[in-house]
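> Fold the following.
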Amino acid sequence: MTDYVAAIDQGTTSTRCMIFNHAGEVVSVHQIEHEQIFPRAGWVEHNAEEIWRNTRQVAAGALASADLTAANIAALGITNQRETTLVWERATGRPVYNAIVWQDTRTDRICEQLGTLGGGAERYRSRTGLPLATYFSGPKVRWILENVEGTRERAERGELLFGNMDTWLLWNMTGGPNGGLHITDVTNASRTMLMDLEHLRWDEDIAAEMGIPMSMLPEIRPSSQIYAQGREGGTMPGVPIAGDLGDQQAATFGQVCLDVGTAKNTYGTGNFLLLNTGTERVMSENGLITTACYKIGDNDVVYALEGSIAVTGSLVQWFRDNLGLIGSAEEIEGLARSVDDNGGAYFVPAFSGLFAPYWRSDARGAVVGLTRYVNKGHLARAVLEATAYQTREVVDAMNADSGVALSELKVDGGMVRNELLMQFQSDILDVPVVRPQVAETTALGAAYAAGLAVGYWSGEADLRANWQEDKRWTPRMEESVRERDYAQWKKAVTRTFDWVAGDD
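Next up, the predicted model:
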């Protein structure tokens, strides 16, 4: 009996499988971390074959822990770290190079070169909704074709395939070299800098400028549709694979932000704030990007404005692993509570440059305001506050672009369990912050998309009925303190600019 829906959540630091019931409640979860590879400063890579092995293990583990089999699963959805880029052999499935992660900055010079063709960083924005930046997939593909021996010629002969991690998993789940589907959905395609955002098709002119053969590109599909059934050797044989969304769009869908003007903020490796703009493409004038939010079957595509922040949860991970000041991510809240404030210290985590609203690949991380008074408790607090301050910058930009002030912020992701951070987020935004009962809405959104495609959920009303508030934080900070501290943060951000010169 098919009582449940499953989702594979292939994230930046781990892969997990979550199984949900009709009420949107978590029935089972299994998660495995994968290696973070840092070959050089600014370079971040993943082993795609490791991720595929982990994907099969977490699917089996989630079924086993709930004493289920694939026969109990009505549909499977996929959500993924979005811009992370992989090129592999069509005939064998072997990657030609590690996956280049969305945080990676090695394509800075490629982006600069493309900008000199005219328009600078805005060259492709009117067609793709995106600025020319190291964040997106297209320049990463070009880097592989220019730097991995033999790949340019092999790509032109049609021997190589490109995909973000959703495409890699879907291809393997449906047969790999033996007839695997080479597809993606509109949300992931919109993160490549290769898709025409209005017509939802690959832009041949942009692909040509980047030197990417069209034969490498996957077919673009809706976010909710029965693509195929899982095959033997995959994750859940015989189960319809029916949902595919990039992680932040999936979280938006899981938060049931289905009405124009609704927004959510996901606190994960980075932070990503999305505002539903309906079927209208709103072009930002304040450093945000325009992206596909979701497309359900044959319905019109829904768009969103997005503010992307590169480093938030990964800053806590760095504080733990690189500095060794805490033994686990959860310990940072207690350490931060050991002091009353940040002691005048501000941490701007521009490890991969700055994303929205600055788009400064020349920036690098900085801690400013240090005195002999500052201790590790103040630094822990500065680490958490950096997430809230960066979110404030994105919210300010979104309010300016939309013309409507945000009245409350729905939040999700791993960091929302940190109640000190959530209170400070409410304080610095001066709006309520609301956490749902199911905080891991990324996987839930992928499950919703898959379940809708097979009729497990009948429509949006079912999804709305599932959303339940868990906790709400309201502002407690005095206005004068809020604006004083935020001004100090803005000053700290400027200290990170121009650190990397063009010839570094």
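> roughly how far apart are residue 3 and residue 462?
15 Å (Cβ to Cβ, to the nearest Å). C-beta here means a position set from N, CA and C on the backbone, and glycine is covered the same way.
> Among those two, which residue is more densely surrounded?
Remark: of residue 3 and residue 462, residue 462 carries more neighbours, 16 against 13, as counted by other Cβ atoms under 10 Å.
> residues touching that one, list them.
residue 22 (Cβ atoms under 8 Å, 6 or more residues apart in numbering).
> Over to residue 202?
189, 194, 195, 196, 214, 217, 220.
> Checking the nearest residue to the second one once chain neighbours are set aside next. Helix, strand or coil?
Same thing as residue 194. Leaving aside its chain neighbours, residue 194 sits nearest to residue 138 (4.9 Å; criterion: Cβ to Cβ, 6 or more residues apart in numbering). Under DSSP: H, G, I helix; E, B strand; the rest coil, residue 138 falls in the helix class.
> what pLDDT does residue 138 get?
Turning to residue 138, the model gives it a pLDDT of 96.
> going forward can the numbers begin at 12, since that is how I track them
Got it, first residue is 12 now, which makes that one residue 149.
> Roughly how far does it sit from residue 439?
35 Å.
> Looking at those two, which is more packed in?
Shown here are residue 149 and residue 439; by other Cβ under 10 Å, residue 149 has more neighbours (30 against 22).
> That one contacts residue 204, doesn't it?
Yes - in this structure residue 149 lies within contact range of residue 204 using Cβ atoms under 8 Å: 4.1 Å.
> hey, what's in contact with both of those two?
Overlap of the contact sets of residue 149 and residue 204 (by Cβ under 8 Å, 6+ apart) consists of residue 217.
> And for residue 503, the neighbour number?
Residue 503: 20 neighbours (other Cβ under 10 Å).
> Wait, it touches residue 381, no?
No - shown here, residue 503 and residue 381 do not form a contact pair, counting by Cβ under 8 Å, at 11.2 Å.
> mind checking how far the helix or strand containing residue 217 is from the chain centre?
Following DSSP states H and E, one finds residue 217 within helix 215-221. Here the centre of helix 215-221 is set off from its chain's centre by 25 Å, with Cα atoms, centre = their mean, to the nearest Å.
> helices or strands up against that helix?
helix 148-158 (3 or more Cβ pairs under 8 Å, 6 or more residues apart in numbering; DSSP states H and E).
> What is the end-to-end distance of stretch 359-370?
14 Å (Cα to Cα, to the nearest Å).
> rewinding a little: what about the residue nearest to residue 205, distance to residue 34?
Taken as Cβ to Cβ, the span from residue 149 to residue 34 is 40 Å.
> again, but for residue 400
Applying Cβ to Cβ to residue 400 and residue 34 gives a distance of 36 Å.
> Those two - which one has more neighbours?
residue 400 (24 against 12).
> List the buried residues for the helix or strand where that one lies?
Assigned by DSSP H and E, residue 400 belongs to helix 387-413. The neighbour-count check on helix 387-413 (16 or more other Cβ atoms under 10 Å) flags 388-409, 412-413 as buried.
> Residue 103: neighbour count?
Residue 103, neighbours per other Cβ under 10 Å, totals 10.
> Check the gap between it and residue 419 for me.
50 Å.
> try residue 106
43 Å.
> which of the two has more neighbours?
With neighbours defined as other Cβ under 10 Å, residue 106 and residue 419 compare such that residue 106 has more, 20 against 15.
> Tell me which residues touch that one, please.
59, 60, 97, 98, 99, 100.
> May I ask which two of those residues are separated the most?
60 and 98 (13.3 Å; Cβ to Cβ).
> Would you mind telling me which of these two has the busier surroundings?
Taking other Cβ under 10 Å, residue 60 and residue 98 do not tie; residue 98 has more neighbours (25 against 16).
> mind checking the SS state of the more buried one?
strand.
> if we can go back for a sec, buried subset of the contacts of residue 213?
Buried among those by 16+ other Cβ under 10 Å: 200, 205, 206, 207, 228, 231.
> circling back to that earlier point, just send the contacts of residue 106 back as TSV, with distance to residue 322 and pLDDT too.
Listed next are those as TSV, based on distance: Cβ to Cβ, whole Å; pLDDT from 0 to 100:
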residue	distance to residue 322	pLDDT
59	23	97
60	27	97
97	22	98
98	26	98
99	28	98
100	33	97
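> Wait, residue 49 touches residue 55, no?
Yes - the pair residue 49 / residue 55 is scored as a contact, 6.2 Å apart, by Cβ under 8 Å.
> Give me the more crowded residue out of the two.
residue 55 (23 against 12).
> For the nearest residue to the more buried one once chain neighbours are set aside, list the residues it contacts.
In space, and not counting its chain neighbours, residue 55 is closest to residue 112: 4.0 Å by Cβ to Cβ, 6+ apart. Contacts for residue 112 (Cβ under 8 Å, 6+ apart) come out as 23, 55, 56, 57, 92, 95.
> now swap in residue 65 and tell me
25, 26, 43, 45.
> Put the buried members of those residues into a PyMOL selection.
Here is the PyMOL command that selects the buried residues among the contacts of residue 65 (16+ other Cβ under 10 Å):
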select buried, resi 26+43+45
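> closest to residue 188 among the contacts of residue 65?
Among the contacts of residue 65, and counting by Cβ to Cβ, the member closest to residue 188 is residue 26, at 21.5 Å.
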